[in-house]
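K.L.:
A structural model of the following input is requested.
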Amino acid sequence: MDLLLVILVGVVAVAVVTTLAQRLGVAGPLLLVWKHGTVIVWAGMRGVVALAAAQTIPRTVESRPELIYIAFVVALVSLMLQGFTLPWVVRKLRLSDPAEASDSDERERLDDELRTAAASAVATGTHLARRGGKPFDPELLQRMGLRYAEPPSEDWSAHARELLELQLAVIEVMRTRLIEVSTGGTFSTAALRHRMAELDADQLSLELRLRDDDGA
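P.N.:
Numbers count the residues shown, from 1 in each chain. Predicted coordinates:
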């Protein structure tokens, strides 16, 4: 019972630290999720630490041999129990193989998730504004909504600059959604990292095009 309690406390601690790091912005959105934290805690060998600590007990203590023996048994049981059950825990958590992270189906599901968030933001105009704070043209929002309801195309209009700024605003919405889904363990770290790189590349491309327009 005590062993399970220690494991549970460890899992909660990893989850809390990961969440705080993301909230404070001291780390990227692709930290370990609770499933990875569970494996880390389950693979830990706390009994070894207890055994090492028992060795430091002064020889003048009469119960020193018994304490060392108890620490040895705890270390052995902990190592065997958690070691032999670790593969089972990994299978139950359904952790994805990094070699399978580039699977097109998973990336397609992730793209659908982000496109849905973008389409919703465009449809309502929530969190979308031009750099100067002015709202976007409703007609432009409607046309952009059609672009995100389906895979994006390269059909540009006369409102090219405003469209570029709108795309930048939409990318921020997609990035926010990406951060949200990255903590649930639904998508693999590799897939999330790949999509984040794509968003960064899209944002850089749009900002360069806006910069060229400013200098024109």
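K.L.:
so how far is the one helix or strand S205 maps to from its chain's centroid?
P.N.:
If you go by DSSP states H and E, S205 is part of helix 189-215. Taking Cα atoms, centre = their mean, to the nearest Å, the mean C-alpha location of helix 189-215 is offset from the chain mean by 19 Å.
K.L.:
How about stretch 112-124?
P.N.:
Centre to centre, stretch against its chain (Cα atoms, centre = their mean), the figure for stretch 112-124 is 20 Å.
K.L.:
Can you give the contact residues for that stretch?
P.N.:
Stretch 112-124 has contacts (Cβ atoms under 8 Å, 6 or more residues apart in numbering) with 126-128, 141, 144-145, 148-149, 151, 166, 169-170, 173-174, 176-178, 181, 195. Just so you know, the C-beta spots here come from the backbone N, C-alpha and C atoms, and that holds for glycine as well.
K.L.:
same question, stretch 55-63
P.N.:
So stretch 55-63 is contacted by R64, L67, I68 (Cβ under 8 Å, 6+ apart).
K.L.:
Let's see that with 10 Å instead.
P.N.:
For stretch 55-63, contacts defined as Cβ atoms under 10 Å, 6 or more residues apart in numbering pick out R64, P65, L67, I68, Y69, I70, A71.
K.L.:
average pLDDT across stretch 196-206?
P.N.:
For stretch 196-206, the mean per-residue pLDDT is 91.
K.L.:
right, and the helix or strand after the top helix by length along the chain?
P.N.:
Determined from DSSP state H, the single longest helix within the chain is helix 64-93. Using DSSP H and E, the helix or strand that directly follows helix 64-93 along the chain is helix 104-124.
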